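Undergrad: this is the structure alone, sequence omitted:
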């Protein structure tokens, strides 16, 4: 039953006009609704959203809770959730369609291939929400705040763009701060327990599916706001 449900989700996902999928990671390209191949690199605002509003991306978006919440809060911006799991994206994309949120879209791909689909200086802000911390040291280069990814983000980001990391994982939080110091990246704010006092910014009140699970386990939620100069 579970497998059939997943197949049904994938079939529905293929018809969603707010979802773009990279099916072949060796020969990457984006496919939109009904199998239409789309070249959107450097053209997301004009070709998909049909406006010139700033673009904010949520990496490891899961079900897209942050993309959805931010899209409702800031209709003057465009939001794109990125994740490799189609079944997760199905949830957020479906909600966006139900609510008529035309300023939010989703991309299904590996984050390592992000630069293939976004142009230089195209992104105005990044949210990294509860990513896999890749606890083994041998996989530290896969952490989304590793030096490799930071360099990728810098090429896609506008000058002085804000970046946000929200996580429950102490190792990832401390690793990120160390990398930022090594790379000379400016940290505007950091907290090892965001709910121990007033929230630094209102957007932190949004909670993902995973954050709610972590809070039930009494884990502390950590946050860093940084700028990659």
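TA: Arrived safely. Note that the structure is predicted; figures quoted are calculated from it, not measured. Numbering: from 1, shown residues only.

Undergrad: flag the shaky bits of this protein, pLDDT-wise.
TA: For the chain, applying pLDDT under 70 flags the ranges 1-4.

Undergrad: can you pull out the strands in it?
TA: Listed in chain order, the strands of the chain (DSSP state E) span 19-21, 30-31, 37-38, 55-59, 78-83, 104-108, 123-129, 157-167, 186-191, 222-227.

Undergrad: go ahead and confirm residue 35 touches residue 14.
TA: Yes - the criterion here is CB atoms under 8 Å, and residue 35 meets it with residue 14 at 7.2 Å. Placement of C-beta: from N, CA and C, glycine included.

Undergrad: and the strands of the chain as JSON lines, adding distance to residue 136?
TA: Output for the strands of the chain, formatted as JSON lines (distance: least, CB to CB, whole Å):
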{"stretch": "strand 19-21", "distance to residue 136": "29"}
{"stretch": "strand 30-31", "distance to residue 136": "31"}
{"stretch": "strand 37-38", "distance to residue 136": "36"}
{"stretch": "strand 55-59", "distance to residue 136": "20"}
{"stretch": "strand 78-83", "distance to residue 136": "21"}
{"stretch": "strand 104-108", "distance to residue 136": "25"}
{"stretch": "strand 123-129", "distance to residue 136": "19"}
{"stretch": "strand 157-167", "distance to residue 136": "17"}
{"stretch": "strand 186-191", "distance to residue 136": "24"}
{"stretch": "strand 222-227", "distance to residue 136": "20"}
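
Undergrad: tabulate these (a markdown table), appending mean neighbour count and distance to residue 180.
TA: Shown next, in a markdown table, are the strands of the chain (neighbours: other CB atoms under 10 Å; distance: least, CB to CB, whole Å):
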| stretch | mean neighbour count | distance to residue 180 |
| --- | --- | --- |
| strand 19-21 | 24 | 31 |
| strand 30-31 | 18 | 31 |
| strand 37-38 | 13 | 34 |
| strand 55-59 | 25 | 16 |
| strand 78-83 | 27 | 21 |
| strand 104-108 | 26 | 26 |
| strand 123-129 | 22 | 13 |
| strand 157-167 | 19 | 10 |
| strand 186-191 | 14 | 6 |
| strand 222-227 | 20 | 6 |
